[in-house]
Structure formats: C-alpha cells, structure tokens
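Novice: I need the structure of the sequence given here:
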Amino acid sequence: MEAPAETLADDVVVLRRWKPEQLGTLAAVAGDSAEHLGAWQIWATNGYGRREAADFLETTARNWAEGKTYDFAIFADGDVVGASGMITHPDRIEIGYWLSRHHTGRGLVTRAARLLTAEAFRLGAPEVEIRHDEKNVASGAVPARLGFTMTGEETVEPPFAPACAGVNRIWRLKRP
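Specialist: Residues are numbered from 1 along each chain as shown. Next comes the predicted model:
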C-alpha cells in the first residue's frame with residue numbers, strides 16, 4: 001500500500017504529518033492536556049513531556065517509513081489541537097485520535113476522522129475501523145456520526161487508563 005498524503009484538509013481542520021521540529025509543540029499540547037488525556041490514554045497517565053514527545057516523534061517517523069502507522073497533527077485556526085493517525089492491518093486501516101482539553105466538543109475529531117477515512121479508502125483499504133473504551137462516550141460518538149457500524153466488543157488486557165472499563169467497542173465502515 002502506498003503511504004497517505006502528508007497533508008489532508010477540509011475547510012476547518014488540517015492534518016499534517018508530524019515532523020521532528022514539532023517536538024516542543026507536541027510536548028506542550030499533550031503535556032497541558034495530560035490529565036484529560038490520561039483518563040483514557042495509558043501513554044498520558046503519568047504526564048507527557050519532551051522525552052515522551054521525542055520518543056513518539058522518533059517512533060512515528062520509523063513507522064511511517066515502514067508503512068505501519070501514519071500519524072498526523074490536527075491543526076485548527078493554525079494551531080495544533082490534537083493528533084490522529086492510521087494503523088495498517090492486512091485487511092483494514094484502523095484510525096485513532098485525541099484532542100487537547102481546550103478543543104473538545106467542536107467536531108474537530110469528527111472532521112479529522114472523516115479525512116482519514118476518505119484517505120484510507122483512496123489507498124484501497126476495504127474497511128476502516130475505530131476502537132474506543134466503552135466508557136468513552138465522546139470518542140464513540142465519532143464513528144456513529146460518520147456512519148460506522150458497531151460490530152462488537154473486545155476485552156483489553158491491563159494495564160489500561162484509569163477511566164477505562166477495559167472493554168473496547170469496535171466500529172467498522174466498509175469501502176463504498
């Protein structure tokens with residue numbers, strides 16, 4: 001499969017591939033929202049700083065080159081407000097997302113997920129998948145708004161973030 005475009009956009013959000021020079025921005029945005037994010041994301045449970053951002057940027061560059069994952073910064077009004085990404089699987093592409101605590105409730109993640117879904121289908125994925133903890137109602141509203149169908153649940157092995165129930169809901173959308 002070819003790599004996705006490094007920039008995807010609609011009239012409100014822009015997704016851009018993470019670059020090493022965004023280290024400070026990533027650390028600041030995720031760090032400022034670590035408590036908010038840590039409730040749902042194990043990687044932010046103990047805070048998020050420059051070391052975690054540097055590790056992520058190194059890993060995402062390697063994974064992009066290897067075709068494993070494709071991670072993007074979400075921009076709105078010119079500022080980084082969160083992140084989204086694609087995980088490749090042999091039979092589908094999975095997408096994930098997070099937003100800073102200051103930018104939730106504005107439809108930004110729904111727009112980002114719509115852009116990633118369209119790009120996944122452009123690349124030939126037969127199906128796109130979104131997973132979220134059953135208690136994370138806000139995250140689950142995204143695939144519902146985009147026409148995904150909940151296809152099942154799976155138990156997650158610990159450790160998982162403090163607000164999580166340990167059961168993921170699985171949503172899928174087939175290529176039109």
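Novice: Compute the number of surrounding residues for Pro126.
Specialist: 11 (other CB atoms under 10 Å). Glycine gets a C-beta too; all of them are placed from N, C-alpha and C.
Novice: just checking, Pro176 touches Phe121?
Specialist: Yes: the pair Pro176 / Phe121 is scored as a contact, 7.1 Å apart, by CB atoms under 8 Å.
Novice: the helices in this structure, which residues?
Specialist: 23-32, 34-38, 50-66, 108-122, 137-145 (DSSP state H).
Novice: about what we covered before: please identify which of Pro176 and Phe121 sits among more neighbours.
Specialist: Phe121 (17 against 5).
Novice: hmm, which helix or strand of the chain has the shakiest average pLDDT?
Specialist: Sorting the helices and strands of the chain by mean pLDDT, DSSP states H and E puts helix 34-38 at the bottom, at a mean of 88.
Novice: how much space between Gly152 and Tyr70?
Specialist: Using CB to CB, to the nearest Å, we find Gly152 at a distance of 25 Å from Tyr70.
Novice: Show me the contact partners of the biggest strand by length in the chain.
Specialist: When the chain is parsed with DSSP state E, its longest strand is strand 79-89. With CB atoms under 8 Å, 6 or more residues apart in numbering as the test, strand 79-89 has contacts from 1, 4, 15, 18, 22, 25-26, 29-30, 60, 67-75, 93-100, 102-103, 108-109, 112-113, 116, 119-120, 129.
Novice: Could you check it and say which residues are buried?
Specialist: Val80, Val81, Gly82, Ala83, Ser84, Gly85, Met86, Ile87, Thr88 (16 or more other CB atoms under 10 Å).
Novice: Now pLDDT and distance to Leu37 too, for those residues, in CSV please.
Specialist: Shown next, in CSV, are the buried residues of strand 79-89 (pLDDT from 0 to 100; distance: CB to CB, whole Å):
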residue, pLDDT, distance to Leu37
Val80, 97, 14
Val81, 97, 13
Gly82, 97, 9
Ala83, 98, 10
Ser84, 98, 13
Gly85, 98, 14
Met86, 98, 19
Ile87, 98, 18
Thr88, 97, 24
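Novice: Those: which two are farthest apart?
Specialist: Using CB to CB, those reach their maximum pairwise distance at Val81 and Thr88, which is 24.8 Å.
Novice: follow-up on the earlier one: buried among the contacts of strand 79-89? Need that as a selection in PyMOL.
Specialist: A single PyMOL command selects the buried members of these (16+ other CB under 10 Å):
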select buried, resi 4+15+18+22+26+29+30+60+69+70+71+72+73+74+75+93+94+95+96+97+98+99+100+103+108+109+112+113+116+119+120+129
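Novice: And Glu154, how far from Arg131?
Specialist: Distance from Glu154 to Arg131, by CB to CB: 8 Å.
Novice: Between the two, tell me which one has more neighbours.
Specialist: Set Glu154 next to Arg131 and count neighbours by other CB under 10 Å: Arg131 wins out with 19 against 11.
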